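Undergrad: The amino acid sequence is not available; the structure is as follows:
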């Protein structure tokens, strides 16, 4: 899932701390690295769910072969993710964000493997949220995103509360980058994405 990589639309908290230019460069670099890493892997089909919906045809998106862009649709993050789980073709689905410098194809492969024996899989983030969510989607439809306080330290816990009684597995913990502390914690990974910014 990705937002249009334009100033004022993405990384607003980070931009307040490192400047608009550095924040948008980071986001574009991270988005490109993520898409290129994941879309080239033949083990799964990669879709880029974009917001706003009118940006599906924009020329700013990375466009490797086999990558399909689709709209996220209206609503908050939970509504958009639920829509993807409900409408994509049958089979397991894994959703990731576009601001995780450490993401690798091995993480996605592991998440799909975990769904072989779990109803859902999560990749925890240090801030209490999650960078990855996946569902097996068979034999039952899950609805885990109701009343989740997004962008808070309770996001993962609230989502897990909605999955009481279901089998849940966990991928490795990775960081998204929302603040300068996140950026500094990512260290070398973040600096390789935007070598011109030194916090």
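TA: Noted; the coordinates are in hand. Small disclaimer: the values here were computed from a predicted structure and weren't measured.
Undergrad: Mind listing residues that contact the lengthiest helix in the chain?
TA: When the chain is scanned for its longest helix (criterion: DSSP state H), the result is helix 20-39. Applying CB atoms under 8 Å, 6 or more residues apart in numbering, the external contacts of helix 20-39 come out as 2, 5-8, 10-12, 14-15, 18, 44, 46, 48, 61-62, 64-67, 96, 98-101, 103-105, 108, 177, 183, 190, 193-194, 196-197. Yep, even glycine has a C-beta here, placed from its N, CA and C like the rest.
Undergrad: just stretch 106-116 next, same as before
TA: 38, 41, 43-44, 92, 94, 96, 121, 123, 132, 134-136, 169-172, 174.
Undergrad: follow-up on the earlier one: go through the longest helix of the chain and flag the buried ones.
TA: Residues of helix 20-39 classed as buried by neighbour count (16 or more other CB atoms under 10 Å): 22-35, 37-39.
Undergrad: can you check stretch 96-114 too?
TA: Here stretch 96-114 shows 96-101, 103, 107-108, 110-112, 114 as buried, counting by 16+ other CB under 10 Å.
Undergrad: Quick one: neighbours of residue 174, just the number.
TA: Neighbourhood size, residue 174 [other CB atoms under 10 Å]: 22.
Undergrad: List the neighbouring strands of the strand or helix carrying residue 131 plus their orientation.
TA: For residue 131, the host element (DSSP states H and E) is strand 130-135. Here strand 130-135 is paired, per DSSP bridges, with strand 93-96 (antiparallel), strand 120-124 (antiparallel).
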